[in-house]
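In: Need coordinates for the below:
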Amino acid sequence: MPTTVSVFTLGGTISAHAGGEATRLSGAQTLASAPVPDGVAVELHDVRQLPGSSLTLEDLADLAERVDKATAAGHGAVVVQGTDTLEETAFLLDLVCAHRAPVVVTGAMRRPDLPGADGPANLAAALAVAADPDCGGLGVLTVLADEIHAARHVRKAHTTSLTTFASPGAGPLGRVVEGVPHILLRPGKATVERPLRLRAPAPVALLTLSLGDRGELLEAVDDRLGGLVVAAFGAGHVPRGLVDRLTAVAGRMPVVLASRTGAGPVLSDTYRGPGSESDLLARGLISAGHLDGPKARLLLYALLADGADRAGVAAAFDRLRTG
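Out: Numbers count the residues shown, from 1 in each chain. Sure thing, here's the model as predicted:
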């Protein structure tokens, strides 16, 4: 068991009060609300005091360096932040951090001054998971409402529910029961073959299509971007009128085809008409597989920052799609 768990606080609802930013709890005040498992020491790091919606990729790159340093020292790690972008933080850490000791991301849906505040229970459960060696080798995890989810699958599925975090199509890896983690499922492979390095970040856009979309936003896709993710209809379909323009963009940069539904894979060979998944993949778009649009964007961003070319991007997405 790791004798030390490093806790990194970024802000969010778990530390917020009705008075706003001026009354936000410090990391020490937030941590004081949760019991620490016996035999575990906590090393606290106040990293940011921001709502999840205000975190940047630069903030997360800094966080990843801190988390890597902690796990290299043999510590488990808990990241505490706002739930708006919690799934994205967890997934980016999964891509760029070495999988040594358990790394857990948690937060809260109710402020600490409201009845039924869930922050203390979530933080206590996260500490228990981060201190348990049996939770290592699972990749980065999220722990809320006593459920343990893999960063690759988890998403926020409701604006206010305490059980908002779910893994559509996969389910949780386990649960925390009476303060003890119980792992029921283990991922078959890591999300990426090795930790990716954010050496030269390239901007990546996410375009979500909607009924009657004429591709106006595609006009903004230019040399400022290194890649594009299209969250398409259904199993990977776009309006016929966008096919030629997407083909042209895919000739200039990696374009990843995801589904806007949030669950289920992009198909490859079921529909064959113009704008179908088979048509778009044949034109050079890359399948996101089971990844939703926001996670596909982060994987493409991290791959490009690591120096991957289009072939490398396609290989990484294909590896994940097939397992």
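
In: Show me what the helix or strand bottoming out on mean pLDDT in the chain is packed against.
Out: Least confident helix or strand, the chain: helix 27-31 with a mean of 90, by mean pLDDT, DSSP states H and E. With contacts taken as 3 or more Cβ pairs under 8 Å, 6 or more residues apart in numbering; DSSP states H and E, helix 27-31 sits against strand 4-9, strand 41-46, helix 119-130. Heads up, the C-betas are built off the backbone N, CA and C, glycines and all.

In: mind checking which of those is nearest Val79?
Out: For the helices and strands packed on helix 27-31, proximity to Val79 was assessed by Cβ to Cβ; strand 4-9 is nearest, at 4.9 Å.

In: What segments of this protein are strands?
Out: Ranges of strands within the chain are 4-9, 41-46, 76-80, 103-106, 141-144, 147-150, 155-156, 165-166, 174-177, 180-183, 204-208, 227-232, 255-259, 286-287, based on DSSP state E.

In: Now tabulate those strands in CSV and tack on mean pLDDT, mean neighbour count and distance to Arg310.
Out: Converted to CSV, the strands of the chain look like this (pLDDT from 0 to 100; neighbours: other Cβ atoms under 10 Å; distance: least, Cβ to Cβ, whole Å):
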stretch, mean pLDDT, mean neighbour count, distance to Arg310
strand 4-9, 97, 24, 34
strand 41-46, 95, 15, 38
strand 76-80, 98, 30, 32
strand 103-106, 98, 32, 30
strand 141-144, 98, 30, 31
strand 147-150, 98, 24, 27
strand 155-156, 96, 20, 27
strand 165-166, 96, 24, 33
strand 174-177, 98, 18, 37
strand 180-183, 97, 17, 37
strand 204-208, 97, 20, 13
strand 227-232, 97, 26, 9
strand 255-259, 98, 28, 9
strand 286-287, 98, 25, 8
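
In: Now tabulate the ones you listed in TSV and tack on distance to Ala64.
Out: Below are these laid out as TSV (distance: least, Cβ to Cβ, whole Å):
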stretch	distance to Ala64
strand 4-9	10
strand 41-46	13
strand 76-80	10
strand 103-106	10
strand 141-144	15
strand 147-150	18
strand 155-156	20
strand 165-166	21
strand 174-177	24
strand 180-183	23
strand 204-208	17
strand 227-232	20
strand 255-259	22
strand 286-287	24
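
In: care to break the protein down by domain?
Out: Residue ranges for the domains of the chain, per automatic domain parsing: 4-183, 204-321.

In: mind listing what's buried in the least confident helix or strand of the chain?
Out: Gly27, Thr30, Leu31 (16 or more other Cβ atoms under 10 Å).

In: what does stretch 89-105 give?
Out: By neighbour count on 16+ other Cβ under 10 Å, the buried set for stretch 89-105 is 89-97, 99-105.

In: To Asp118, which of the strands of the chain lies closest?
Out: Relative to Asp118, the nearest member of those by Cβ to Cβ is strand 141-144, separated by 7.5 Å.

In: so how far is the closest one off the chain centroid?
Out: How far strand 141-144 lies from its chain's middle: 11 Å, per Cα atoms, centre = their mean, to the nearest Å.

In: hmm, back to that, so which of the helices and strands packed on helix 27-31 is nearest Asp269?
Out: Comparing these by Cβ to Cβ, helix 119-130 comes nearest, at 39.7 Å.

In: Which strands and helices lie in contact with that closest one?
Out: By 3+ Cβ pairs under 8 Å, 6+ apart, helix 119-130 packs against strand 4-9, helix 27-31, strand 76-80, strand 103-106, strand 141-144, strand 174-177, strand 180-183.

In: Now distance to Gly116 too, for these, in CSV please.
Out: What follows is these, written out as CSV (distance: least, Cβ to Cβ, whole Å):
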stretch, distance to Gly116
strand 4-9, 22
helix 27-31, 17
strand 76-80, 19
strand 103-106, 17
strand 141-144, 14
strand 174-177, 18
strand 180-183, 23
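
In: Indicate which one of those is closest to Thr163.
Out: For the helices and strands packed on helix 119-130, the distance to Thr163 is smallest for strand 141-144, at 8.0 Å, taking Cβ to Cβ.

In: For Pro115, see how far away Val129 is.
Out: Taking Cβ to Cβ, to the nearest Å as the measure, Val129 falls 26 Å from Pro115.

In: more crowded one of these two?
Out: Set side by side, Val129 and Pro115 show more neighbours around Val129, with 27 against 5, by other Cβ atoms under 10 Å.

In: neighbours around the residue nearest to Leu198 when sequence neighbours are not counted, how many?
Out: For Leu198, ignoring the flanking residues on the chain, the nearest one in space by Cβ to Cβ, 6 or more residues apart in numbering is Ala305 at 4.4 Å. Look at Ala305: counted by other Cβ under 10 Å, it has 21 neighbours.

In: What's the per-residue pLDDT of Ala305 here?
Out: Each residue has a pLDDT score; the one for Ala305 is 97.

In: what does the one 3 residues further on give?
Out: We note a pLDDT of 96 for Ala308 in this prediction.

In: where's the closest residue to it other than its chain neighbours relative to Asp306, distance?
Out: Once flanking residues are discounted, Ala308 sits nearest to Ala316: 6.8 Å by Cβ to Cβ, 6+ apart. The gap separating Ala316 from Asp306 is 9 Å, by Cβ to Cβ.

In: Alright, I will stop here.
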